[in-house]
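K.L.:
Here is my input, please return the structure:
(one chain, ligands or ions: 1)
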Amino acid sequence: MSSLIIESSGRINMIGEHVDYNGGCVLPGSIDKKIRFKFHKIDGIDCHVKSITLAKEFKFSFEDLSPREVHWENYIIGAVNNLINKKFLNLSTFSCEISSFLPIGAGISSSSSLICGIVKGLIELNDLKLSNNEIVDIVLDVEHNYIGLKGGIMDQFTILNGKKDHLILLKCQNREFKHIPSNLKNFKILLLNTNVEHNLANTAYNERVNECNEALKIINKNADANFNFLCEVPEKILNNNKKFLSKTLFNRASFVIKENLRTIKSAEILENNKLFELGKLMYESHFGLSKLYKVSCEELDFLVDLTRNHHKIIGSRMMGGGFGGCTINLIQDDFIDQFVDESCEIYRRRFGKEATPILAGLDNGISIKKT
Ligand code: GLA
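P.N.:
Predicted coordinates for the structure are as follows:
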C-alpha cells in the first residue's frame with residue numbers, strides 16, 4: 001500500500017482507576033473524539049512528520065532514532081524505533097500528517113492514541129501483520145521508555161479493541177476481556193475538563209506504581225504468599241497485614257483492592273441495567289482516589305461535588321491518571337446544557353479559568369481507511 005488514513009480514538013473509563021498496572025479489572029470504552037493520520041510512502045532517506053494541530057513538523061532518518069529534546073517527537077521516534085530495532089521489521093520511508101481532535105492532557109489518552117495510530121499506520125503501510133496484543137506491548141514500551149510514564153495496558157488495549165456503543169471489561173492480569181453493551185438509556189457520558197495540567201503528573205503517577213509494588217512485596221513477605229499483582233490480594237489478607245504497612249501504603253493498597261471489586265460489580269450492574277447503583281460506585285471510586293490514593297486535585301474534587309445534589313446526574317468521579325484532566329459524569333440528556341452552563345460559570349468564578357465540556361459517545365477504536 002502506498003498511502004492510507006488512520007483514525008485513532010481517545011478513551012473514557014467508567015470505573016477501575018489505577019488498577020490496570022495492579023493486574024485488576026477496568027471498564028473503559030473508546031470514544032468518538034479522534035486523531036487522524038495521513039500516511040504516504042516516500043522516496044529518500046528522511047521521514048517527514050507534520051502536526052497540523054501543533055503547527056510543527058520535523059524530519060528524521062531510521063539511522064538516528066535516539067530520544068529527542070522536543071517532547072512530542074518522541075511519540076513518533078519511539079514507535080519507529082520499537083518497530084525497527086525491537087521487532088526487527090523493515091519499514092519504508094514515509095510522510096505523516098497528523099490532525100488531532102482529542103484534547104491533550106485531558107486524561108482521555110491522547111498519548112496512547114497518538115502512538116497506537118503511528119504503529120498501526122506503519123504496519124498497514126508496509127503490509128505487515130501484528131496482533132493487537134503485540135501492538136499493545138509496543139505502545140506500552142514506548143510510553144515506559146520514551147515518554148517516562150510507567151502505565152498499564154488500559155489505554156492502548158481500549159483504543160485497539162474498542163467497539164461502538166460498548167464498554168470493555170478487561171482483566172489486565174491476563175488480558176481476558178468482553179464487550180459490554182453500554183445501555184445508558186437517556187443518560188450520556190459528559191466529561192468536564194478542569195484544564196489543569198500537573199507538570200509532575202508523570203512523576204507522581206510513577207510514584208504510585210512504586211508504592212503499589214512496595215505494598216505487594218511487604219504483603220507477600222509477611223503473609224508468606226506469592227501474589228503476582230496487588231489486585232489478587234484478598235481484602236482479609238491486606239487487613240491481617242496492616243501492621244506491616246505504613247499508613248500510606250495501606251491506603252494505596254486498600255484503594256486498589258476495593259476499586260477492582262467495584263469494577264467487577266459495575267460490569268454486572270450495567271449488564272442488569274441498574275444504572276443508579278453504578279453511579280453510587282462512581283462516587284465511592286472518587287472518594288478513594290481523592291482521599292486514599294491521593295491522585296485528585298482541588299479542581300476535580302470541586303467539579304465532582306457540584307454534581308452531588310442533582311438527581312439528573314447519577315454518578316461522577318475523576319477519570320484517568322489524575323492530578324488534573326477530566327471528571328466523568330453520567331447525566332440525563334435533557335439536563336446537559338443547563339448543568340454545563342451552571343457548572344462552568346461557578347468553576348470560572350472559583351478558579352478564574354474555564355472548564356471545558358466534552359460529550360463522549362462510545363465509538364469504534366482504531367480504524368483504517370485505505371486510499
Ligand atoms: C493513565 C494510564 C493508564 C491507567 C490510568 C489510571 O491513563 O496510562 O494505564 O493507569 O492512568 O487508571
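
K.L.:
Around the ligand, which positions in the stretch 151-300 of the chain sit nearby?
P.N.:
Taking Cβ under 6 Å from any ligand atom as the criterion, the stretch 151-300 of the chain approaches the ligand at residues 151-152, 154-155. No exception for glycine: its C-beta is placed from N, CA and C like everyone else's.

K.L.:
Let's see that with 8 Å instead.
P.N.:
Applying the criterion Cβ under 8 Å from any ligand atom, the portion of the stretch 151-300 of the chain that neighbours the ligand consists of 151-155, 205.

K.L.:
ok, the residues you listed vs K265, which is closest?
P.N.:
Within those, proximity to K265 (Cβ to Cβ) peaks at M154, which comes in at 18.1 Å.

K.L.:
which ones are touching the closest one?
P.N.:
M154 makes contact with 11, 13, 16, 20, 26, 28, 170, 172 under the criterion Cβ atoms under 8 Å, 6 or more residues apart in numbering.

K.L.:
try H310
P.N.:
By Cβ under 8 Å, 6+ apart, the contact list for H310 reads 335, 339.

K.L.:
ok, back up a step: in the residues of the stretch 151-300 of the chain next to the ligand, find the pair that's most separated.
P.N.:
Longest span within those, Cβ to Cβ: I153 and Y205, 14.7 Å.

K.L.:
coming back round to it: tell me which of the residues of the stretch 151-300 of the chain next to the ligand is nearest to I135?
P.N.:
Sorting these by distance to I135 puts I153 at the head of the list, at 10.9 Å, by Cβ to Cβ.

K.L.:
From the ligand, how far off is G322?
P.N.:
Using Cβ to the nearest ligand atom, to the nearest Å, we find G322 at a distance of 7 Å from the ligand.

K.L.:
looking at this, that residue is in a strand?
P.N.:
No - the assignment for G322 is coil, going by DSSP: H, G, I helix; E, B strand; the rest coil, so no strand is present there.

K.L.:
Can you give me the neighbour number for it?
P.N.:
23 (other Cβ atoms under 10 Å).

K.L.:
Let me see the ranges of the strands in the stretch 101-250 of the chain.
P.N.:
For the stretch 101-250 of the chain, the strands identified by DSSP state E, counting those that start in this stretch occupy 166-171, 176-181, 187-193, in order along the chain.

K.L.:
And the residue nearest the centre of the protein?
P.N.:
Taking Cα atoms, centre = their mean, the centroid of the chain lies closest to D155, which sits 4.0 Å from it.

K.L.:
Test my guess that it contacts S112.
P.N.:
Yes - taking contact to mean Cβ atoms under 8 Å, the distance of 3.7 Å between D155 and S112 places them in contact.

K.L.:
which element follows the longest strand belonging to the chain toward the C-terminus?
P.N.:
Under DSSP state E, the strand in the chain containing the largest number of residues is strand 28-41. For strand 28-41, the succeeding helix or strand toward the C-terminus, using DSSP states H and E, is strand 46-51.

K.L.:
Distance from that following strand to the middle of the chain?
P.N.:
Per Cα atoms, centre = their mean, to the nearest Å, the displacement of strand 46-51 from the mean C-alpha position of its chain is 26 Å.

K.L.:
Could you tell me the average pLDDT over it, please?
P.N.:
Averaged over strand 46-51, pLDDT sits at 98.

K.L.:
To what extent is M14 buried, counted in neighbours?
P.N.:
By other Cβ under 10 Å, the burial measure for M14, its neighbour count, is 30.

K.L.:
Show me what the host helix or strand of R252 is packed up against.
P.N.:
Assigning secondary structure by DSSP H and E places R252 in helix 247-271. Helix 247-271 is packed against strand 25-26, strand 166-171, strand 176-181, helix 201-222, helix 235-240, helix 275-291, with contacts defined by 3 or more Cβ pairs under 8 Å, 6 or more residues apart in numbering; DSSP states H and E.

K.L.:
which residues touch the fourth one?
P.N.:
Read that as helix 201-222. Applying Cβ under 8 Å, 6+ apart, the set of residues contacting helix 201-222 from outside is 18, 21-22, 147-151, 198, 225-227, 229-230, 233, 237-238, 241, 244-245, 248-250, 252-253, 256, 293, 295, 321-324.

K.L.:
Just the buried residues of those residues.
P.N.:
Neighbour counting with 16 or more other Cβ atoms under 10 Å marks 18, 21-22, 147, 149-151, 198, 229-230, 233, 237-238, 241, 245, 249-250, 252-253, 256, 293, 295, 321-324 as buried within the contacts of helix 201-222.
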